[in-house]
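Colleague: I'll drop the sequence and a predicted model, then ask my questions.
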Amino acid sequence: MNNNVLKKIEMDIVSSEFIVSNTDVTKCPAGNFPEYAFIGRSNVGKSSLINRLTHRKGLAMTSSTPGKTMLINHFLINNEWYLVDLPGYGYAKRGKKGQSQIERIINKYILEREQLSNLFLLIDSRLEPQAIDVEFTNFLGENQIPFSIVFTKSDKLKKGQRRKNIDLWVQELEKTWEELPPYFITSSVTGEGREDVLKYISEINKFINQQKKNNEKI
Ligand code: GTP
Ligand code: MG
């Protein structure tokens, strides 16, 4: 077996299991498995991406109507780490009260969940930078939350168009960030970007495991 084949197997998902849904960060699973959460506007494709990453079509619930995911959902991957599906922000039809309730759930999770190793902020690759998403990156920066950006639905537009939107995003981020967060271009329809996202997660997992080992030695 050559090294490339080995690497591919190493980063793949061999098991995925729904564990729990809730609205309260204190009721999320105990233990210290690293976790990777998906956030972004309603309908951007968070749940679909989780299904694509795990190759399980019905694992996370998806819908063409925004506002489908209402809870914090934990999925255990390879018995070693979690993928977390979060409700989306910015869905006006929820009403002010509904929206602020969801925002409270999301913000509390993001700010208080110690196991959160990286947040994937999903952005629709068809759109130019939107104020609500830019504000969200600022919120993450102010609170020093490690995050990366995932451009979604890349199958829906031509390469030139998406490059233009991504370049606009890079320009926007350069206004506030010295070092830009990593970004990925994905499609839950074609599977584009799946391996890159999994590889990134696997690198962080390795780093965390190494740190745990080093701490055990001390
Ligand atoms: P909420 O849970 O409501 O916040 O939405 P979400 O971000 O989880 O979005 P979801 O995964 O439910 O997808 C919303 C809609 O977009 C569904 O109709 C999906 O089929 C569609 N969709 C998601 N990802 C892609 C993609 O990569 N390409 C295309 N063409 N459609 C997508
Ligand atoms: Mg969802």
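Modeller: Now that the structure is in, tell me what you want to look at. Residues are numbered from 1 along each chain as shown. Ligands and ions are numbered 1, 2, ... in the order given.
Colleague: From the structure, what's the count of residues near residue 197?
Modeller: Using other CB atoms under 10 Å, the number of residues around residue 197 comes to 19. All C-beta spots, glycine's among them, are computed from the backbone N, C-alpha and C.
Colleague: hmm, I was thinking of residue 15
Modeller: Neighbourhood size, residue 15 [other CB under 10 Å]: 10.
Colleague: Check residue 157 too.
Modeller: Close neighbours of residue 157, defined as other CB under 10 Å, add up to 15.
Colleague: Could you do residue 20 as well?
Modeller: Counted with other CB under 10 Å, the neighbours of residue 20 add up to 13.
Colleague: Same check on residue 32?
Modeller: Residue 32, neighbours per other CB under 10 Å, totals 9.
Colleague: Using the three-state scheme, assign it.
Modeller: Here residue 32 takes the coil state, with states given by DSSP: H, G, I helix; E, B strand; the rest coil.
Colleague: Can you tell me how far the nearest residue to residue 12 once chain neighbours are set aside is from ligand 1?
Modeller: Excluding the flanking residues, the one nearest residue 12 by CB to CB, 6 or more residues apart in numbering is residue 198, at 6.9 Å. Counting by CB to the nearest ligand atom, to the nearest Å, the separation of residue 198 from ligand 1 is 16 Å.
Colleague: tell me the SS of residue 198?
Modeller: Per three-state DSSP, the secondary structure class of residue 198 is helix.
Colleague: What's the per-residue pLDDT of it here?
Modeller: pLDDT, residue 198: 97.
Colleague: can I assume it is in contact with residue 16?
Modeller: No - checked against CB atoms under 8 Å, the pair residue 198 and residue 16 is beyond contact range at 12.0 Å.
Colleague: still on that earlier bit, how deep is the residue nearest to residue 12 tucked in, by neighbour count?
Modeller: For residue 198, the neighbour count with other CB under 10 Å is 18.
Colleague: which stretches of this protein have low pLDDT?
Modeller: 1-10 (pLDDT under 70).
Colleague: one more time with 80, if that's ok
Modeller: Along the chain, the model assigns pLDDT under 80 to residues 1-11, 92, 218.
Colleague: Give me every residue in it lying close to ligand 2.
Modeller: 46-47, 68-69 (CB under 5 Å from the ion).
Colleague: Format those as a markdown table; extra columns: neighbour count.
Modeller: Listed next are the residues of the chain next to ligand 2 as a markdown table, based on neighbours: other CB atoms under 10 Å:
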| residue | neighbour count |
| --- | --- |
| 46 | 29 |
| 47 | 22 |
| 68 | 18 |
| 69 | 22 |
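Colleague: which among the residues you listed are in contact with ligand 1?
Modeller: 46-47, 68-69 (CB under 6 Å from any ligand atom).
Colleague: What ranges does the protein have for its helices?
Modeller: Along the chain, counting by DSSP state H, helices occupy 3-10, 46-54, 95-112, 131-142, 159-174, 194-217.
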